[in-house]
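Asker: Model the following, please.
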Amino acid sequence: MTVQKENNEAKRADNIIWNASSDYSFNSKIKAYDENGKADLYLNYIIGAVHKYYDCSLLNNFFKYLRKDVNCESLKELTWIGLENCTYGRGRCERPVLESLRRDYSKKFLGRCNPALSFDIVDQVKIAHFQRALGEKTNMPKSVI
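Answerer: From the prediction side, this is the model:
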């Protein structure tokens, strides 16, 4: 991807985040892109809506606190799974398109995964989460779900 295209996708990600947050002064340090470097509509919506619905200073302090833990990255990923789920729940009435965006994202995510080869607990939780988002039965142990 060329630098110009990367810049365009960064601007697109910002616009999605701003639209979801209803705050055009918000400068997110986090942006989401798909495997082709394109701004991910669903995840960038979630990032912006988290800013809209939740106390970001509290979340930022929580993420700073997590940095002290040896499992920081896993804990951050698990937190984002919870944030995605809660934010989707809050936003779906106001934005009915979220249902299809979430379904599409879940299918893409699961299409890139092989649950039989996933031994990492965070990956197992993500797989179970997106299977449940699609209404699918999970084959994960009860300790995971």
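
Asker: hey, let's count contacts and neighbours off CA atoms from now on
Answerer: Fine.

Asker: Can you get me a residue count around the nearest residue to Tyr33 once chain neighbours are set aside?
Answerer: Distances taken as CA to CA, 6 or more residues apart in numbering place Ala39 nearest to Tyr33, at 4.4 Å, with adjacent residues excluded. Neighbour count for Ala39, taken as other CA atoms under 10 Å: 23.

Asker: for Ala39, what are its contacts?
Answerer: When contacts are counted by CA atoms under 8 Å, 6 or more residues apart in numbering, Ala39 touches 9-10, 12-13, 31-33.

Asker: so what's Ser74 up against?
Answerer: By CA under 8 Å, 6+ apart, the neighbours of Ser74 are Val122.

Asker: now it, what's its secondary structure?
Answerer: The three-state label given to Ser74 by DSSP: H, G, I helix; E, B strand; the rest coil is helix.

Asker: For the residue nearest to the spatial centre of the chain, which residues are in contact?
Answerer: By CA atoms, centre = their mean, the chain has its centre lying nearest to Leu43, at 4.6 Å. Applying CA under 8 Å, 6+ apart to Leu43 gives the contacts Ala32.

Asker: swap in Glu77?
Answerer: Glu77 makes contact with Val122 under the criterion CA under 8 Å, 6+ apart.
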